[in-house]
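Student: turn this into a model:
(one chain, ligands or ions: 1)
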Amino acid sequence: MSVYEDLGVQPIINATGAVTRLGGAPMPEEVLAAFQAAAGESVSLEELQAAASQRIAAATGAEAGIVTAGAAAGLTLGAAAILTGDDLGKMERLPQCDDFPCQFIVAREQRSGYDHAVRASGARLVEVGFNEIVANAGVRRTEVWEYEAAITDQTAGIFYVFSPSSRPGLGELSAMARRHDLPVLVDAAGELPPREHLTSIIAAGADLVAYSGGKAIRGPQSTGILAGRSDLIRAAALQFLDMDDHPELWNPPADLIDREQLSGIPRHGLGRGYKVSKEEIVALLTALDLFTSGAYDELVGGEQQRLEVIAAALKHAPCECRLIESPDGQCSPRLEIEIDETAAGKSAFEICRELRSGSPPIYVGHGKLRESTLVVNPLHLTDGPAEIVAAALRKSLTQ
Ligand SMILES: *Cc1c(COP(=O)(O)O)cnc(C)c1O
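Tutor: Presented below is the predicted three-dimensional model:
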C-alpha cells in the first residue's frame, strides 16, 4: 500500500507536468539519496547557504545566490532585499514601507497571480503599458520609454516576468534601469529548460532572478533559486535565515553575509516563514548539477515514445492528435488532443472531469480546454501509467 493510501489519499496519474497542485516534478534517485544523506548530519545553515551560493553563482554567472522555498518565496525575498538593502531598520519594518521608496514598475501585460509574491514584501506595483494584443486592439507591446516615464522618487525597482516572447527585451530594459540606478527583479520560475536561461537572464542585466527548483530542475517541490548581485543576496539571506545568535558570537561566512556592511544584526526578518531545510538545499543542488550537466536530455526520447503510444491508441477516436516535439532536445515534448466534441458527444471539459474522477484519477493539462484540446505532458509518465492514460482516453472518447 502506498504511503498516501495509508492516509486515505488516492495517488493520481499526473499527465499535466510539474505543477505545484499535483506535487511538482519527479525527483531522480540521486536527488532522493542526497536528501536522505543530508538528513543524517547537522550543519550551519548559513554555511550551507554560502556553499549553495557558490554553486548557484557557477551555474548562473551571478555573483551570488540562495536556495529559497520556491520561486515565489524568491520573489518575496528579492523584493524585500531591494526595498531594504543593508538597512536594518527597514528590514525590521517590512512589510510596512510607507516611509521609503517601495514602488516596483511592471508592465500591465506581465501582471499575474504570482506577483502577489512581490506585493507580499510590502512593495506596491505600478503598472505601465497596455494589453493591446489580448484586447485585440492593436499590435504594440510595452515599451522601454513607458517604464522610464513612470520613474519617480518613490520607485524602488522594476519587476519583469521573463519569457522568450516578453517585450521589451530584458537587455534594453535593464540598460535603462541601470542609468537610473534601479534594480531589476526577474521572475523566470518556469523558464527552464533551456539550460541557457540559467545564464542568459543574468547576462542580460537582471539584478536578481528567481527560478523554481521543483519544476524542470527536479529538486524538491518546495525549493527555488534566487540569484544575482551579492549585496542584494546578502539582504535577502539576512531576511530569511534564523537570526537568534549572540552578536558577540555570530560569525556568518563573509562571502554570503559580510558583517562589515552591517550596523548590527537584524532580528528574524520578513522571510523567516520561508525557511529551507538542509535536506532541501542539498537535494536542490544535486538536482541543479543533473540539470546543468544535461542528464535529463536523455529522457526526452522515452517521453516522446510514450506520447506516441497514447496517440496510436486514439487513432480511431473522434479527435486529432498533434505531437509537439521538443524544440531543443531539452524541453519535454507534449501531445495535444483536439476533441471533435460533436462526434464525441461530450466536451473537452467533460472528458477532463471524467478522467479526474476515474480510478486511478488522471490529470491531463487543462490549459487549452476552451479550444476543445487536452494536453498530455509526459514528465511524470512511465510506461505503465502512459498505457493507463491511453486506455482511459480511448474509453472516454468512444463511449
Ligand atoms: C511556477 C511559477 C511561479 C511559482 O514558482 P514556485 O517555485 O512554485 O514558487 C512563479 N511565477 C511563474 C511565472 C511560475 O510559472
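Student: got the contact list for stretch 35-47?
Tutor: Residues outside stretch 35-47 that contact it (CB atoms under 8 Å, 6 or more residues apart in numbering) are 27, 220, 237, 241-242, 252-253, 256-257, 278-283. Yep, even glycine has a C-beta here, placed from its N, CA and C like the rest.
Student: by neighbour count, which of these wins?
Tutor: Compared across the contacts of stretch 35-47, Ala283 has the highest neighbour count, 29 neighbours, by other CB atoms under 10 Å.
Student: just to revisit the earlier point, looking at the contacts of stretch 35-47, which one is closest to Lys368?
Tutor: Distance ranking of the contacts of stretch 35-47 against Lys368, using CB to CB, places Met27 first at 27.9 Å.
Student: show me the contacts for the residue lying closest to that closest one once chain neighbours are set aside.
Tutor: Taking CB to CB, 6 or more residues apart in numbering as the measure, Met27 lies nearest to Arg218, with 5.7 Å between them; neighbours along the chain are not counted. Shown here is Arg218, whose contacts under the criterion CB under 8 Å, 6+ apart are 18, 25-28, 31, 287, 290-291, 296.
Student: now do the contacts for the residue in the chain positioned nearest to the ligand.
Tutor: Among the residues of the chain, Gly70 lies nearest to the ligand; the distance is 2.8 Å by CB to the nearest ligand atom. For Gly70, the contacting residues are 212-214, 221-224, taking CB under 8 Å, 6+ apart as the criterion.
Student: ok, Asn377 next?
Tutor: Contact criterion CB under 8 Å, 6+ apart gives 15-17, 332, 334, 365 as the residues in contact with Asn377.
Student: in PyMOL, select just the buried ones from the residues you listed.
Tutor: Under the burial definition 16 or more other CB atoms under 10 Å, those of these that qualify are selected in PyMOL by:
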select buried, resi 15+16+17+332+334+365
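Student: can you put the contacts of Asn377 in CSV and add distance to the ligand?
Tutor: Written out in CSV, the entries for the contacts of Asn377 read as follows (distance: CB to the nearest ligand atom, whole Å):
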residue, distance to the ligand
Ala15, 18
Thr16, 13
Gly17, 11
Ser332, 15
Arg334, 16
Gly365, 14
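Student: let's see which of the contacts of Asn377 end up in strands.
Tutor: In strands, defined here by DSSP state E, the members of those are 15, 334.
Student: any chance of the contacts of Asn377 in JSON lines with pLDDT as columns?
Tutor: Formatted as JSON lines, these follow (pLDDT from 0 to 100):
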{"residue": "Ala15", "pLDDT": "96"}
{"residue": "Thr16", "pLDDT": "95"}
{"residue": "Gly17", "pLDDT": "93"}
{"residue": "Ser332", "pLDDT": "93"}
{"residue": "Arg334", "pLDDT": "97"}
{"residue": "Gly365", "pLDDT": "96"}
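Student: just give me the closest of the contacts of Asn377 to Ile233.
Tutor: If you rank the contacts of Asn377 by distance to Ile233 using CB to CB, Gly17 comes first, at 29.5 Å.
Student: ok, that closest one to Arg111 distance?
Tutor: To Arg111, Gly17 is 23 Å away according to CB to CB, to the nearest Å.
Student: against which helices or strands is the helix or strand hosting Leu185 packed?
Tutor: When secondary structure is defined using DSSP states H and E, the element that contains Leu185 is strand 184-187. Other helices and strands packing on strand 184-187, by 3 or more CB pairs under 8 Å, 6 or more residues apart in numbering; DSSP states H and E, are helix 71-84, strand 155-161, helix 170-179, strand 208-212.
Student: listing partners with orientation, what would you give for the shortest one?
Tutor: Sheet pairing here is set by DSSP bridges, and for strand 208-212 it gives strand 184-187 (parallel), strand 224-228 (antiparallel).
Student: what distance separates that strand from the centre of its chain?
Tutor: Its chain's C-alpha centre lies 7 Å from the corresponding centre of strand 208-212 when counted by CA atoms, centre = their mean, to the nearest Å.
Student: what's it in contact with?
Tutor: Strand 208-212 is contacted by residues 18, 60, 62, 68, 70-72, 74-75, 78, 81-82, 162, 183-192, 198, 201-202, 217, 223-229, 232-233, 236 when judged by CB under 8 Å, 6+ apart.
Student: mind giving me the ChimeraX command for buried ones among those residues?
Tutor: Buried members of the contacts of strand 208-212 can be picked out in ChimeraX with the line below, counting by 16+ other CB under 10 Å:
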select :18,60,62,68,70,71,72,74,75,78,81,82,162,183,184,185,186,187,188,189,190,191,192,198,201,202,217,223,224,225,226,227,228,229,232,233,236
